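Undergrad: Okay, sequence plus prediction incoming.
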Amino acid sequence: QVQLVESGGGLVQAGGSLGLSCTASGTIFSINDMGWYRQAPGKQRELVAVINSGGSPNYADSVKGRFTISRDNAKNTVYLQMNSLKPEDTAVYYCKAQIRPTFITGYSPDYWGQGTQVTVSS
């Protein structure tokens, strides 16, 4: 069993900052990409940022320069530091990780966290 547990959401005023973290636990052989997605009410889930096992990040254009994704491979944890938050950043934020549970599994399915609410007031 693999679980992703997120923490760090909340309510913040526009221009403020929040940090999210997501830790994978359970039977884990290796983790490839780890990323953050978000879903606002009435909208589709969208990619926010992703980071590969080597630490190379990619960001959605809407968050470039404001958000920073990082990971600690020893802790199986991915972080998202969000600065200069805007009301349009309001959404449920989900982490996703490509996790190979065992050596013999041979592939790395996607696992999702339960989501954490981020609300930015104007």
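TA: Right, received. Where do you want to start? Residues are numbered from 1 along each chain as shown.
Undergrad: and the closest residue to residue 83 other than its chain neighbours, how many neighbours?
TA: Once flanking residues are discounted, residue 83 sits nearest to residue 17: 4.7 Å by Cβ to Cβ, 6 or more residues apart in numbering. No exception for glycine: its C-beta is placed from N, CA and C like everyone else's. Using other Cβ atoms under 10 Å, residue 17 has 11 neighbouring residues.
Undergrad: pretty sure residue 17 contacts residue 80?
TA: No - Residue 17 is beyond contact range of residue 80, at 11.0 Å (criterion: Cβ atoms under 8 Å).
Undergrad: picking that back up, pull the contacting residues for the residue nearest to residue 83.
TA: 81-85 (Cβ atoms under 8 Å, 6 or more residues apart in numbering).
Undergrad: how about stretch 90-100: buried residues?
TA: Buried positions in stretch 90-100, judged by neighbour count with 16 or more other Cβ atoms under 10 Å: 90-100.
Undergrad: again with stretch 69-78
TA: 69, 71, 76-78.
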